[in-house]
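**Student:** coords please:
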Amino acid sequence: MTEQTIEEELIAKLGDLKYTYRDDIHDRAALENNFRKHFEELNRVRLTDSEFTRLLEQLVTADVFAAARTLREINSFVRDDDTPLNYTLVNIKDWCKNTFEVVNQFRMNTANSHHRYDVLLLINGVPLVQIELKNLQISPRRAMQQIVDYKSDPGNGYTRTLLCFLQLFIVSNKTDTWYFANNNDRHFRFNAQEQFLPLYQFAAEDNSKITHLDDFAEAFLSKCTLSEMISRYMVLVASEQKLMVMRPYQIYAVKAIVECIGQNSGNGYIWHTTGSGKTLTSFKASTLLKDNPEIKKCLFVVDRKDLDRQTREEFNKFQAGCVEENTNTESLVRRLLSDDTADKVIVTTIQKLGLALDDKNTYKTRLEPLRDTRVVLIFDECHRSQFGENHKAIKEFFPKAQLFGFTGTPIFEENARSTQVQGQQAFYKTTEDIFQQQLHAYTITHAIEDRNVLKFHIDYYKPEGANQPKPGEGIAKRKVVETVLAKHDAATNGRKFNAILATASINDAIEYHALFKTLQAQKQTADPNFVPLNIACVFSPPAEGNRDVQQIQEDLPQEKADNAVEPEKKKAALKAILADYNTRFGTNHSLNEFDLYYQDVQKRIKDQQYPNSDLPHTQKIDVTIVVDMLLTGFDSKYLNTLYVDKNLKFHGLIQALSRTNRVLNDTKPYGNILDFRQQQDAVDAAIELFSGANKTRAKEIWLVDKAPVVIANLTLAVKRLDAYLFSQGLEFAPEQVANLKGDAAKAQFINLFKEIQRLKTQLDQYTDLTEENAATIAAVLPPDTLQAFRGVYLDLAQRLKAQQEKAEKADKPPEDDTAGQLDFEFVLFASAVIDYDYIMGLLARFSQQTADTVELSPAQLIGLIEADAKFMDEREVIVAYIRTLEQGTPLDEKAIRAGYERFKAERNDTELAQIAETYGLEFAPLKGFVEMILRRMIFDGEQLTELLVPLALGWKARTKKELALVEELGPFLRRLAQGREISGLSAYEE
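**Tutor:** Numbers count the residues shown, from 1 in each chain. Have a look, this model is predicted:
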């Protein structure tokens, strides 16, 4: 089926959905005339030509966020006679009553870009949805990247015309359909880490996918559904100037809550797994309730101080100032009694609410006027906050209240406890007992299948020897630390990620902290090249009447109990841990301000950016030792490993495991668990309990394949590449890839080897590889061969990508352009360990070698650089510099760095001098022109013209010379810019 056929069938389908097909709109003028007609009808006005021109100038903006806000608001405009006009672009009260039109093969020509768009959907004449159709089974990420590339062109139609109002992009090849939100550049690009924009597939209420274009159009593009999606289920994140579109399961949850409230049909709970975006869902439900006059107050209730702050910040991120801080119970009571609409949605803790309703104080009396009003309470992680007397007090005081709970791990009969809150007998047993009915479910099984969270790799560590521990029994702490030190680099992809060590008690945490310090010092003495892990340790101090610590400890039962025994020893140990932390990271934390220390630990775990140049390893935490803290409600994409030396089960187990499985990119294939307590039975039981309806395949879905299975897949992938090269008359050798004929053949190599690298990346992070496994992997693809193939891949991929980008600047790449559809995924080929600093250190060591102390050869050094994606733009220069170094002429690292920078500058000057000579220019003015561009990151056309003035050329000859010069100068400038965009350069290169 051709792309044209798919397009024609989609337009016919949209016609069935009552869209008007506008075959007369194919260019900018027609689009603007159509918009003017709808604008004037909606606002009951007739604009003069000058007014409409000024209106367009006011409306069109390069700021996607500003355009999205304008679309949803009442705006003002001053007419030619100085009278004001308040207007809207669409009917914002009832989006369904707008006009809906479809346009295809639309061309937008601006001064700097000439793009064609397959299908556009117009609402009231405003282009709000772009649909790009493909007839190849290409990666959705690749299709998205094409749109990103189009938007990156300076002066493109997305920033200079009405296309600035686009809210959604849809990509489909008929059978596979995805959608995503428009955004400003910093939220709409493939960055160096290849963290991609959220891509969505639509789904039914039972989470079954709706991906066929016909079904998708029926379910998603019907006029009222699309209107609802844009008007109600997109969120404008004010603090980040970002657009977010809600996922299908989030929408169904919000609808279920709103419907339940509208019908006043009791309570309910939402089972949405950890990591599924519950805060956004609850925010949207809360804000929609603001418009319900029958609801007096909506309280979002959390059960820990840090979650109170975190949730409030998240809410205010979605809408600045929508939730203010409740510093104490008095503030909460004041806001509950306030009639200000700004106080309608309140974030608070269960503890503050409990105090407000306590008979022992006057707050309850003051709140009497609210007793007979309708209030809504939404509980985060409801199984923690809702078992006990607080629930009883809320129900008794607010008889008309409706309670809604969000949880990733509901309480069922199997995991119910008789006591849920310290010292209080549970009033209810299960989540359903409290909240009556499940309104929507999106389990971890669904989330893993959707790639919203990762699978788990679980290594049940068995020590050597005959006396194996029983399930739940610990092993010697020294052995645990030695094992962590031995396996950590593999588990965390060369310390790209970090880990948590969960311990059974505060005393255990203290002992572990001391052991790491001792054993690492011993390893450093034995091996000067050993780089110690940065260890942090966090547990709550004895409360001693401190309300903040008391509140934190409400959900830390083990720490609360531990601190009751020998509290002074706990304080002394924590002070020593803080002192060690302050020394390591240059901070000044104290026990009196424990919360600031706790926040700093969390921030370092979250901010472990990659590569290391963004944040030096000295400022990162490798392992955080905990007891109860951080095992629930804490998210970080850079946390991938959990070491377990405590007994866990059911919801506590799943919560702990789920700290590791946030999605980053292909270098993080799964969450890594190393269990030192033989808890396989507990894991299996928890998976079965929380897998939802699909229990039969739960383990298969949740857990990655065992190492032998992945090794077998790697073996098969290598055989496929071998067979392919043989089919092309080539041997299985890296140097043979250069002999592949044609782009299609090269593209096939890219795809085949990329799969090999993905499987190797997965195996590299397995902590349970045996010596036999490692030998098999090395035999399948020897390390030197793998490294050489990586270098060949990067070289070829770089050339094909440049070719791809050049083709995309044309009107339309050919349909059979296989290379043009490639998704290269360079992040798979970037080592966390090998960065610029590492290479400079290696070069220094290389120069200091003698004939008797050879560690690495020039070829090995060059191989390392050529096989790492981080050096793609600079590797030729580094390789050339290596060839100038003489082994046995020792240089320290400072001298190596200075020498390299000098070598680069000389090489660049030589290249620039050759360009100057080719085009008859003086070297000094050309160098000044280049330096000005790199300083301002703007390509100035007027300065370019002045540069050529001494040549005294006619207009045509000068223009020809300018274009030829830029064609040669462009790659040189881009290399020196090191990934930064030079504004205006693309326009000249076209």
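**Student:** residue ranges of the helices in the stretch 601-750 of the chain, please?
**Tutor:** 650-657, 680-690, 698-702, 707-727, 743-764 (DSSP state H, counting those that start in this stretch).
**Student:** to residue 26, which of these lies closest?
**Tutor:** Residue 26 sits nearest to helix 743-764 of all the helices of the stretch 601-750 of the chain, at 31.6 Å, using C-beta to C-beta. Yep, even glycine has a C-beta here, placed from its N, CA and C like the rest.
**Student:** angle of the closest one against helix 707-727?
**Tutor:** Counting by axes from the mean of the first three to the mean of the last three C-alpha atoms, to 10 degrees, helix 743-764 points 160 degrees away from the direction of helix 707-727.
**Student:** in PDB, list the C-alpha atoms belonging to helix 743-764.
**Tutor:** In PDB, the C-alpha atoms belonging to helix 743-764 read as follows (Å, rounded to 0.1, in the frame of the first residue of the first chain):
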ATOM      1  CA  ASP A 743      23.000   2.700   0.700                       C
ATOM      2  CA  ALA A 744      20.500  -0.200   1.100                       C
ATOM      3  CA  ALA A 745      23.300  -2.600   1.800                       C
ATOM      4  CA  LYS A 746      25.000  -0.300   4.300                       C
ATOM      5  CA  ALA A 747      21.600   0.400   6.000                       C
ATOM      6  CA  GLN A 748      21.100  -3.300   6.500                       C
ATOM      7  CA  PHE A 749      24.500  -3.500   8.200                       C
ATOM      8  CA  ILE A 750      23.500  -0.700  10.500                       C
ATOM      9  CA  ASN A 751      20.300  -2.400  11.600                       C
ATOM     10  CA  LEU A 752      22.000  -5.800  12.100                       C
ATOM     11  CA  PHE A 753      24.900  -4.500  14.100                       C
ATOM     12  CA  LYS A 754      22.700  -2.200  16.200                       C
ATOM     13  CA  GLU A 755      20.800  -5.300  17.400                       C
ATOM     14  CA  ILE A 756      24.100  -7.000  18.400                       C
ATOM     15  CA  GLN A 757      25.200  -3.900  20.300                       C
ATOM     16  CA  ARG A 758      21.800  -3.700  22.100                       C
ATOM     17  CA  LEU A 759      22.100  -7.300  23.300                       C
ATOM     18  CA  LYS A 760      25.700  -6.800  24.300                       C
ATOM     19  CA  THR A 761      24.700  -3.700  26.300                       C
ATOM     20  CA  GLN A 762      22.000  -5.800  28.100                       C
ATOM     21  CA  LEU A 763      24.400  -8.600  28.900                       C
ATOM     22  CA  ASP A 764      27.100  -6.100  30.100                       C
END
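**Student:** right, and the helix or strand after it?
**Tutor:** As assigned by DSSP states H and E, the chain's next helix or strand after helix 743-764 is helix 771-780.
**Student:** tell me what angle that next one forms with helix 743-764.
**Tutor:** Going by the same axes, to 10 degrees, helix 771-780 makes 170 degrees with helix 743-764.
**Student:** from now on call the first residue 34
**Tutor:** From this message on, residue numbering opens at 34, which makes the last subject helix 804-813.
**Student:** now do whatever helix or strand comes next after helix 804-813, average pLDDT.
**Tutor:** Downstream of helix 804-813, the first helix or strand assigned by DSSP H and E is helix 816-842. For helix 816-842, mean pLDDT rounds to 83.
**Student:** what helices or strands is helix 816-842 leaning on?
**Tutor:** Helix 816-842 sits against helix 173-185, helix 776-797, helix 891-899, with contacts defined as 3 or more C-beta pairs under 8 Å, 6 or more residues apart in numbering; DSSP states H and E.
**Student:** which outside residues touch the helix or strand following the shortest one?
**Tutor:** It refers to helix 891-899. Using DSSP H and E, the helix or strand that follows helix 891-899 in sequence is helix 908-915. With C-beta atoms under 8 Å, 6 or more residues apart in numbering as the test, helix 908-915 has contacts from 872, 876, 879, 891, 894-895, 898-899, 904, 932-933, 936-937, 940.
**Student:** in helix 908-915, what counts as buried?
**Tutor:** Neighbour-count burial for helix 908-915, counted by 16 or more other C-beta atoms under 10 Å, picks out 908, 910-911, 914-915.
**Student:** starting at the chain centroid, how far to the following helix or strand past that helix?
**Tutor:** Under the assignment DSSP H and E, the closest C-terminal helix or strand after helix 908-915 is helix 926-951. From the chain centre to the centre of helix 926-951 is a distance of 38 Å (C-alpha atoms, centre = their mean, to the nearest Å).
**Student:** ok, now stretch 263-282?
**Tutor:** 15 Å.
**Student:** tell me how far the ends of it are from each other?
**Tutor:** Using C-alpha to C-alpha, to the nearest Å, the span of stretch 263-282 from its first residue to its last is 16 Å.
**Student:** so, low pLDDT: which residues of the stretch 834-983 of the chain?
**Tutor:** The stretch 834-983 of the chain contains residues with pLDDT under 70 at 838-855, 865-868, 884-889.
**Student:** give me every residue that touches residue 213.
**Tutor:** 177, 201-202, 230-233, 278.
**Student:** hmm, back to that, kindly indicate which of the buried residues of helix 908-915 lies nearest residue 73.
**Tutor:** Using C-beta to C-beta, residue 908 is the member of the buried residues of helix 908-915 that lies nearest residue 73, at 58.8 Å.
**Student:** returning to what we had before: okay, the helices of the stretch 634-783 of the chain in TSV with distance to residue 239, mean pLDDT and mean neighbour count next?
**Tutor:** What follows is these, written out as TSV (distance: least, C-beta to C-beta, whole Å; pLDDT from 0 to 100; neighbours: other C-beta atoms under 10 Å):
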stretch	distance to residue 239	mean pLDDT	mean neighbour count
helix 683-690	22	93	22
helix 713-723	18	93	18
helix 731-735	16	91	17
helix 740-760	30	96	16
helix 776-797	31	92	19
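**Student:** C-terminal to the helix-or-strand element of the chain with minimal mean pLDDT, what's the next element?
**Tutor:** Least confident helix or strand of the chain, by mean pLDDT, DSSP states H and E, is helix 415-418 with a mean of 54. Using DSSP H and E, the helix or strand that follows helix 415-418 in sequence is helix 422-430.
**Student:** what packs against that following helix?
**Tutor:** Using 3+ C-beta pairs under 8 Å, 6+ apart, helix 422-430 sits against helix 383-389.
**Student:** what is the helix it packs on packed up against?
**Tutor:** Short answer (3+ C-beta pairs under 8 Å, 6+ apart): helix 383-389 packs on strand 330-335, helix 362-370, helix 396-399, helix 422-430.
**Student:** check which element follows the shortest one along the chain.
**Tutor:** Moving toward the C-terminus from helix 396-399, the next helix or strand (DSSP H and E) is strand 408-413.
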